[in-house]
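Asks: Sequence first, predicted model second:
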Amino acid sequence: MGVEWALHAASGSTLMVLAVLLSGDGLPRCPRDDESIEGLSAEIEALARTRGLKFLDLGPALAEETGELRAEFTNDGIQLLSAGYDV
């Protein structure tokens, strides 16, 4: 499923595209690479804008100054808890 399918399926709805969130750094199997994550988010934002979609970067609302998700929004540094979705 690509962007075209999503645009067609959501006809009449407002689509929002989210940035990739930075993760915690405590998982050896998933080391954090801020530069790659920020680059991917920039590419997603550019694609969203070319398609006329709204882009939302929740990082500032969910993360510490270090970029890691705040403890009240995650218990593993990667997945959001319900409090994170409430933001």
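Replies: Alright, I've got the coordinates.

Asks: Helices along this structure, start to end?
Replies: 3-9, 34-50, 59-62, 82-86 (DSSP state H).

Asks: right, and these - which one's nearest Glu72?
Replies: Minimum separation from Glu72 across the helices of the chain (C-beta to C-beta) falls at helix 82-86, 5.6 Å. From N, CA and C alone the C-beta is placed, and that goes for glycine too.

Asks: what about that closest one, average pLDDT?
Replies: Averaged over helix 82-86, pLDDT sits at 87.

Asks: Dump that helix to CSV, restricted to CA.
Replies: The C-alpha trace of helix 82-86 is given here as CSV (Å, rounded to 0.1, in the frame of the first residue of the first chain):
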residue,chain,number,x,y,z
SER,A,82,-1.5,5.7,26.3
ALA,A,83,-0.3,9.0,27.9
GLY,A,84,1.9,9.5,24.8
TYR,A,85,-1.1,9.1,22.5
ASP,A,86,-3.1,11.5,24.5
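
Asks: hmm, who's touching it?
Replies: Outside helix 82-86, the residues that touch it by C-beta atoms under 8 Å, 6 or more residues apart in numbering are 62, 69, 72-74.

Asks: out of those, which one sits closest to Leu47?
Replies: Among those, Leu62 lies closest to Leu47 (C-beta to C-beta), at 21.8 Å.

Asks: What about the contacts of helix 82-86, which one has the most neighbours?
Replies: Leu69 (25 neighbours; other C-beta atoms under 10 Å).

Asks: Is it correct that that one is in contact with Asp76?
Replies: No. At 9.2 Å, Leu69 does not count as touching Asp76 under the criterion of C-beta atoms under 8 Å.
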